[in-house]
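Asks: Have a look at this prediction, sequence included:
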Amino acid sequence: MDTVDATMEKLREQCLSRGASGIQGLARSRTLDAGELQQGLAKLGLVLDMAEAEGVCRRWDRDGSGTLDLEEFLRALRPPMSQAREAAIAAAFAKLDRSGDGVVTVDDLQGVYDCRSHPKMQSGEWTEEEVLHHFLDNFDSSEKDGQVTLAEFQDYYSGVSASMDTDEEFVAMMTSVWRL
């Protein structure tokens, strides 16, 4: 394990000890330099020395600007998911992907997601298709294209997973939500 990996593990442990808001509390900006990262973490009670902060920034500096890509950094902080969690996510995705093409679209959601109880549909403000698009956007990457891949779905649920302590709790939530 190199020093940046060790630093990431240290941060992961500190974030997880803070509960569900530990990792999500870091998301305030899109990019940070080493000083901003160190200051932001310190405000959250997470400690890195400047050499550690600089190493982390170098690892997630995607464009050579001297700043880290916060989205990638936060993704890396999430603990790995167990096979049980990954299986529950895959089962939910398979249920949504009615066409079986590996991509969930609004067409796939029709008949699987009942949006009649959505307040904006009940009020007439949104159509069924608009409700389905907004629902799908929750799982879509930052570039909303109306299609959700298994990787995007897994990424969404890895964030949820990070806030749940046990596999049993996570699998029970997925089973209940998606009626697996």
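Replies: Cool, got the structure.

Asks: what's the helix or strand for Val177?
Replies: Taking DSSP states H and E as the definition, Val177 sits inside helix 167-178.

Asks: Does that helix pack against any helices or strands, and if so which?
Replies: Helix 167-178 sits against helix 83-96, helix 150-161, with contacts defined as 3 or more CB pairs under 8 Å, 6 or more residues apart in numbering; DSSP states H and E. Where C-beta positions appear, they are placed from N, C-alpha and C, glycine not excepted.

Asks: The last one to helix 167-178, inter-axis angle?
Replies: Translated: helix 150-161. 120 degrees (axes from the mean of the first three to the mean of the last three CA atoms, to 10 degrees).

Asks: Over to the first one?
Replies: Using the same axes, to 10 degrees, the interaxial angle of helix 83-96 with respect to helix 167-178 works out to 10 degrees.

Asks: quick revisit: for Arg30, which of the helices and strands packed on helix 167-178 is the nearest?
Replies: Each of the helices and strands packed on helix 167-178 was checked against Arg30 via CB to CB, and the shortest separation belongs to helix 150-161, namely 16.7 Å.

Asks: Just the buried residues of the closest one, please?
Replies: Of all the residues in helix 150-161, those buried under the rule 16 or more other CB atoms under 10 Å are 152-158, 160-161.
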